[in-house]
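**Q** starting from these lines, generate the structure:
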Amino acid sequence: MMSQRIRKYWTTPSGVTWSSVVINVVLTAAKIVVGALCRSQALLADGVHSGSDLATDVPVLAALRVANRPADHTHHYGHLRVNTLASLIVGAVLGAVAVMIAYGAISVMHKYVHNHPVPEVHPGLPFWVALASIPMKELLFQWMRWVGRKASNMAVVANAWHSRADAFAAVATCAGLGGVLIGGSSWRFLDPLTAIVLAAILVVVAVRITGQAASELIDRAPGQAVLANIQKALSETQGVRSFHAFRARQLGGKVEMDVHVQVDPNLTVAAGHDIAREVRRRVQQADSGVVQVIVHVEPAEDGAR
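**A** Residues are numbered from 1 along each chain as shown. Now for the predicted structure:
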């Protein structure tokens, strides 16, 4: 029984995020220490990115503790937007890390271009450290994305893509350091060049994560497939003659919606209430990501069927 509970915990957003913390602590320490000792800009940049993964794990963990709290006297609509805030933090940190990496790498490239002295890079150990991190981060990405999608938690999904970016970064690091291993000191420019490519990848991921979170802050509607599924459930609910004023918005990876449904004007209030309750049930059965359904019942106009 205990082992089953433990296995179940590791498939929850909290469990997978704590696993990410442990993995990122190990990788950050290994990459930064080895990168500094071997004077590898690429591995140092990769290590800083792994550290940013760790930095984004913290707000995600905080969001997981707060987002599922029920509504209270100061938060009448609950706390789901904490997930959106966590995603914004993830994107902002990732973007800042990209700028920092690019600045350091461009500075080193500037020295190469102007024939200024540049410390000798020892690529052997950094190459193997970066190579070992690739499958670890890719597996972590797949795991976190699966858990995040299952739980409809956008903060966990965003954090998963941060891990995927780290895997891409490690691939780029391996390519650059591999080139230095093959070409020797004359190819040392590949090390900072790889760091610049890495920064560009991080910017793309940061913009995507931040854009998705920002769209929630302005109450963007869910995708057309989700809307069509909800509308189908509405139209197929027994007792609903028609509906209008249908609105839906994304909120912390979930969906909130409200709709006006028209029913037989001769029904009792109790019967109308039963139809509204059935609408909620059918919608949430059709899409488990819908966490709130506000239904306003109206009498159908004469001739509406």
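**Q** now do the helices in the stretch 151-300 of the chain.
**A** In the stretch 151-300 of the chain, the segments counted as helices under DSSP state H, counting those that start in this stretch are 154-183, 190-217, 224-235, 269-286.
**Q** how about these, which one is nearest residue 84?
**A** Proximity to residue 84 (C-beta to C-beta) singles out helix 190-217 among those, at 4.6 Å. Quick note: C-beta positions are derived from backbone N, CA and C, even for glycine.
**Q** centre of the chain versus that closest one, how much separation?
**A** 13 Å (C-alpha atoms, centre = their mean, to the nearest Å).
**Q** can you show me the strands along this protein?
**A** 242-251, 254-263, 290-299 (DSSP state E).
**Q** can I get the ones you listed in a markdown table including mean pLDDT?
**A** What follows is the strands of the chain, written out as a markdown table (pLDDT from 0 to 100):
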| stretch | mean pLDDT |
| --- | --- |
| strand 242-251 | 89 |
| strand 254-263 | 90 |
| strand 290-299 | 90 |
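**Q** for residue 153, find the nearest of the ones you listed.
**A** strand 254-263 (8.6 Å).
**Q** how about stretch 261-268 as PDB, C-alpha atoms only?
**A** What follows is stretch 261-268, C-alpha atoms only, in PDB (Å, rounded to 0.1, in the frame of the first residue of the first chain):
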ATOM      1  CA  VAL A 261     -29.500  28.600 -22.100                       C
ATOM      2  CA  GLN A 262     -33.000  28.800 -23.300                       C
ATOM      3  CA  VAL A 263     -35.600  26.300 -22.000                       C
ATOM      4  CA  ASP A 264     -39.300  25.600 -22.200                       C
ATOM      5  CA  PRO A 265     -40.900  28.800 -20.600                       C
ATOM      6  CA  ASN A 266     -43.600  26.600 -18.900                       C
ATOM      7  CA  LEU A 267     -41.000  24.700 -16.800                       C
ATOM      8  CA  THR A 268     -40.900  25.200 -13.000                       C
END
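**Q** and that stretch, what's buried?
**A** Across stretch 261-268, burial judged by 16 or more other C-beta atoms under 10 Å covers 261-263, 267.
**Q** tell me which of the helices of the stretch 151-300 of the chain sits most buried.
**A** Burial of the helices of the stretch 151-300 of the chain is given as mean neighbour count (mean count of other C-beta atoms under 10 Å); helix 154-183 ranks first at a mean of 24.
**Q** just send the buried residues of stretch 261-268 back as a markdown table, with distance to residue 238 too.
**A** As requested, these are arranged in a markdown table below (distance: C-beta to C-beta, whole Å):
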| residue | distance to residue 238 |
| --- | --- |
| 261 | 12 |
| 262 | 14 |
| 263 | 10 |
| 267 | 12 |
